[in-house]
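Chemist: Take this sequence and fold it.
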Amino acid sequence: MREAEVPMERELVEQAIRGDHDAFSELVRLSSRKLYGVATLILRDRTRAEDAAQEALVAAWRDLSGLRDPDRFDAWAHRILLNACFAEGRRARWRGVDPPSGGFVLHEGRWVTAEEKR
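Modeler: Numbers count the residues shown, from 1 in each chain. This is a model prediction of the structure:
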């Protein structure tokens, strides 16, 4: 993120903490593509990555009042996303979801190749 965006993001976070839905919508617009990309790398499945990213954004809105430092919004949102990805991996295992193609196995809540598991 460029330095000029940091004050704007901090202001958006502070407004969102005060309940401003439009400010949070703008934060979602700024961060959703990045969060989805990280979820895709972790889960290696686009549909489940979309679910995890959406779940993370809902949790972020719900728990926004717990964010102590508005400058750390990105790191905080990524942590929520990681938890959502792990939960999605567990749900997939419980549902018996087939792994993505290419010889992947579920290991510690995410799909990895057999070589990565070693």
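
Chemist: Going by C-alpha atoms from here, please, whenever you check contacts or count neighbours.
Modeler: Noted.

Chemist: for the protein, which spans come out with low pLDDT?
Modeler: 1-7, 92-118 (pLDDT under 70).

Chemist: Now do the helices in it.
Modeler: Along the chain, counting by DSSP state H, helices occupy 5-17, 21-43, 46-63, 73-95, 114-117.

Chemist: what angle separates the third one from helix 21-43?
Modeler: Put plainly, it is helix 46-63. Counting by axes from the mean of the first three to the mean of the last three Cα atoms, to 10 degrees, helix 46-63 lies at 140 degrees to helix 21-43.

Chemist: Mind putting the helices of the chain into CSV with mean neighbour count?
Modeler: Rendered in CSV, the data for the helices of the chain read as follows (neighbours: other Cα atoms under 10 Å):
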stretch, mean neighbour count
helix 5-17, 17
helix 21-43, 17
helix 46-63, 19
helix 73-95, 18
helix 114-117, 11
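
Chemist: Skipping adjacent residues, who's closest to the spatially most central residue of the chain in space?
Modeler: Nearest to the mean C-alpha position of the chain, by Cα atoms, centre = their mean, lies residue 81 at 2.7 Å. Spatial nearest neighbour of residue 81, excluding adjacent residues (Cα to Cα, 6 or more residues apart in numbering): residue 56 at 4.9 Å.
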